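Trainee: test case, fold it:
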Amino acid sequence: MIGTAVESGLDLPRPFDKAVLKMAAVANSIPGAAGITMLNSKVLVLNRSYLPVHITSVKRAFALLYQGVAHAVDEHYRTFDFDSWRDLAVELHHERLGIVGGFIRVPRVLLLLAYERVPKRHVRFSRFNIYARDGNTCQYCGHRFSRSELNLDHVIPRSRGGGSSWENVVCSCHVCNRKKGGRTPEEAGMRLVKKPRRPEWTAFNLENFSLRHHKEWMPFLTTLDSAYWNSELIQD
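Mentor: The predicted structure is shown next:
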């Protein structure tokens with residue numbers, strides 16, 4: 001996983017420095033469970049080229065910032081080390097945490113200072129990714145289903161020489177799959193919703209794509225989609 005590679009590659013110390021924990025602890029701005037929720041909420045991590053490579057927690061982000069491993073990025077794309085970020089003015093609309101003597105803004109984007117790896121561009125040919133490409137939608141009837149109600153269909157049946165590839169495998173509901181059987185769509189009088197093709201996602205994993213994206217992330221996520229990597233299918 002890219003995120004694991006980022007952190008292990010930098011050899012970052014754990015547990016965090018006591019000063020970081022003291023700094024990130026909720027004092028009086030966000031009481032109880034809400035403060036813990038804020039500390040565990042998500043921060044987007046960029047490499048030196050401003051490409052997203054990982055998602056971490058606010059607590060971990062403050063540790064990276066304090067250790068000098070990363071800079072915080074604000075909504076104007078300015079970067080700040082820990083001291084300058086701590087000294088930023090905190091306004092009412094800013095997410096913040098209480099610290100001794102005041103408040104500190106919560107960073108939502110972090111820039112690694114010494115990490116240059118670029119996310120891979122290979123997209124695994126997997127069941128999950130095919131479902132993601134087709135939007136959990138049967139490519140024959142056009143209706144959306146839960147994943148348990150879908151299977152994979154070879155547009156040109158394997159018995160007719162059709163291979164297992166991005167260009168020949170689509171999502172199909174059980175009813176359409178039985179209707180089509182071992183025939184081609186033309187023979188079955190069925191039409192594909194769209195022509196299947198290899199997607200162009202990056203291999204960046206946003207952990208759980210049902211997570212709400214923070215608005216500060218959006219300038220850096222324009223090329224990403226919600227593919228999650230699972231076991232790769234054999235193509236032929």
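
Trainee: now the end-to-end length of stretch 198-215.
Mentor: 29 Å (CA to CA, to the nearest Å).

Trainee: any idea of the mean pLDDT for it?
Mentor: Looking at stretch 198-215 alone, the average pLDDT works out to 55.

Trainee: what does stretch 176-194 give?
Mentor: Stretch 176-194 shows a mean pLDDT of 96 in the predicted model.

Trainee: and the contacts of it?
Mentor: Outside stretch 176-194, the residues that touch it by CB atoms under 8 Å, 6 or more residues apart in numbering are 137-142, 151, 153, 155-157, 159-160, 170, 172. All C-beta atoms are positioned from the backbone trio N, CA, C, and that covers glycine.

Trainee: hmm, 10 Å instead?
Mentor: Where contact means CB atoms under 10 Å, 6 or more residues apart in numbering, the residues beyond stretch 176-194 that reach it are 133-135, 137-143, 150-160, 162, 170-173.

Trainee: buried ones in that stretch?
Mentor: Along stretch 176-194, the positions that meet the burial threshold by neighbour count (16 or more other CB atoms under 10 Å) are 176-177, 180, 185, 190, 193.

Trainee: just give me the closest of the residues you listed to residue 64.
Mentor: Taking CB to CB as the measure, residue 64 sits nearest to residue 193 out of the buried residues of stretch 176-194, at 44.2 Å.

Trainee: how near is the closest one to residue 59?
Mentor: 44 Å (CB to CB, to the nearest Å).

Trainee: where in the protein is pLDDT low?
Mentor: Within the chain, the stretches with pLDDT under 70 are 1-36, 116-122, 200-213, 221-236.

Trainee: okay, domains of this structure per the record?
Mentor: 2-112, 123-200 (automatic domain parsing).

Trainee: list just the nearest of the buried residues of stretch 176-194 to residue 78.
Mentor: Ranking the buried residues of stretch 176-194 by separation from residue 78, with CB to CB as the measure, puts residue 193 on top at 44.8 Å.
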